[in-house]
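> Predicted structure and sequence below. I'll ask about it afterward.
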Amino acid sequence: MSKATPRLAIKDLQHKYGDRPVIEGLTFTLRAGQAIALVGPNGAGKTTVLKCIVGGAEPAAGEILLDGTPIDERAEAVRRDVATLLDDLDFFPDLTAAEHLDLLARAHGNATPEDLVDTLLDDIGLLAAADQLPGSLSSGQRRRLALATTLVRPRKLLVLDEPEARLDVDGVKWLAERLIQEKKSGTAILFASHEPSLVEAVADSIVTLTPLP
Ligand SMILES: Nc1ncnc2c1ncn2[C@@H]1O[C@H](COP(=O)(O)OP(=O)(O)OP(=O)(O)O)[C@@H](O)[C@H]1O
């Protein structure tokens, strides 16, 4: 791959639900170590764009390239390199917060994730809740755990839909710092957000969507 190849390239993307166009002619590129924020009012199509990238929606037209190759969410490289948080995660009811992170780290090839899991739990403010089952966590704590699932595994591209949802003020600050740190380590980030402070702190550029008539 050439140095100039963007991590993610979206070219003339279109999406329709039935006959109704929701995305038309969307084009942008995202480079390693950079973040793009997708902004726009409710219903503008932000989640739809993210779903087109990670496989939850089929584009009507256009190209989505990951490191120069058409993205296929079933491909091993895509499953390895793209960490996604769209809706709330379905957690296993019988696995603790720590066990969720441990399981994911191991599934992605880390045979000794204990230290990583402890550090991350501490980082996201869930150390005291490490042994709690998801059903006993608050909604904000579950959201923090969901975010942590994207950070406990390898990643070259983070795709996040409203990562600020249900976080408290300190949580949003933590998230901004964490995403800035991610960029420094070379991760590319595409996130949809309604939180101006997060967009301002993290995004290198902003793509604004408007609902189509
Ligand atoms: N499965 C679906 N079937 C039909 N229409 C849909 C579907 N999902 C979304 N839409 C419509 O597509 C448009 C874009 O929705 P989308 O969820 O992408 O917007 P959004 O920008 O993420 O909104 P929000 O800020 O509320 O999360 C909306 O008009 C929505 O009603």
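That came through, no problem.
> could you pull out the strands for this protein?
8-17, 20-30, 35-39, 61-66, 69-70, 82-85, 157-161, 188-192, 205-208 (DSSP state E).
> CA atoms only: put the helix or strand bottoming out on mean pLDDT in the chain into PDB for me.
Every helix and strand of the chain was ranked by mean pLDDT, DSSP states H and E. The lowest is helix 76-81, at a mean of 86. What follows is helix 76-81 as a C-alpha-only set of coordinates in PDB (Å, rounded to 0.1, in the frame of the first residue of the first chain):
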ATOM      1  CA  GLU A  76     -10.500 -11.400   7.900                       C
ATOM      2  CA  ALA A  77      -8.500  -8.200   7.600                       C
ATOM      3  CA  VAL A  78     -11.600  -6.100   8.000                       C
ATOM      4  CA  ARG A  79     -12.800  -8.000  11.100                       C
ATOM      5  CA  ARG A  80      -9.300  -7.600  12.500                       C
ATOM      6  CA  ASP A  81      -8.700  -4.000  11.700                       C
END
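> most packed of the strands of the chain?
strand 188-192 (a mean of 26; mean count of other Cβ atoms under 10 Å). Every residue, glycine included, has its C-beta placed from N, CA and C.
> Select, out of the strands of the chain, the one closest to residue 199.
When these are compared for distance to residue 199 using Cβ to Cβ, the nearest one is strand 35-39, at 4.3 Å.
> partner strands of the closest one, parallel or antiparallel?
strand 188-192 (parallel), strand 205-208 (parallel) (DSSP bridges).
> what comes into contact with the last one?
What that stands for is strand 205-208. 26, 28, 34, 36-40, 199 (Cβ atoms under 8 Å, 6 or more residues apart in numbering).
> Could you dump the residues you listed into CSV and include pLDDT and distance to the ligand?
Below are the contacts of strand 205-208 laid out as CSV (pLDDT from 0 to 100; distance: Cβ to the nearest ligand atom, whole Å):
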residue, pLDDT, distance to the ligand
26, 98, 12
28, 98, 16
34, 98, 21
36, 98, 15
37, 98, 12
38, 98, 8
39, 98, 9
40, 97, 6
199, 98, 13
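> Would you mark the buried spots in the top helix by length along the chain?
Using DSSP state H, we find that the single longest helix of the chain is helix 169-184. Burial within helix 169-184, assessed by neighbour count using 16 or more other Cβ atoms under 10 Å, is assigned to 171-172, 174-176, 178-179, 182-183.
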